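Colleague: everything below, folded, please.
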Amino acid sequence: MINRVHGTEDSLYFGYWIIVAGFITQFVAVGMTNYVVGSFMIPMTEEFG
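Modeller: Numbers count the residues shown, from 1 in each chain. Okay, here's the model as predicted:
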């Protein structure tokens, strides 16, 4: 198939690299969100009841 990264049969399809990048980005975003929400939860509950 022509839509290969380097045009050879041994290389990985470019769309798979996009999927891998999306998964890594999602894991980082969810991990950061969980840590940030935890650090602000106690002050927010004290402020807003």
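
Colleague: which stretches of the chain form helices?
Modeller: Along the chain, the segments classed as helices by DSSP state H run 14-48.

Colleague: where does it dip in pLDDT?
Modeller: When residues are selected by pLDDT under 70, those of the chain lie in 1-10.

Colleague: how about a cut-off of 80?
Modeller: 1-11, 34, 49 (pLDDT under 80).

Colleague: how many other residues sit next to residue 42?
Modeller: If you count neighbours by other CB atoms under 10 Å, residue 42 ends up with 9. Bear in mind the C-beta positions are built from the backbone N, C-alpha and C, glycine included.

Colleague: again with residue 16
Modeller: By the criterion of other CB under 10 Å, residue 16 has 10 neighbours.

Colleague: any idea how far it lies from residue 24?
Modeller: 13 Å (CB to CB, to the nearest Å).

Colleague: overlap of the contact sets of those two?
Modeller: Residues touching both residue 16 and residue 24 (CB atoms under 8 Å, 6 or more residues apart in numbering): none.
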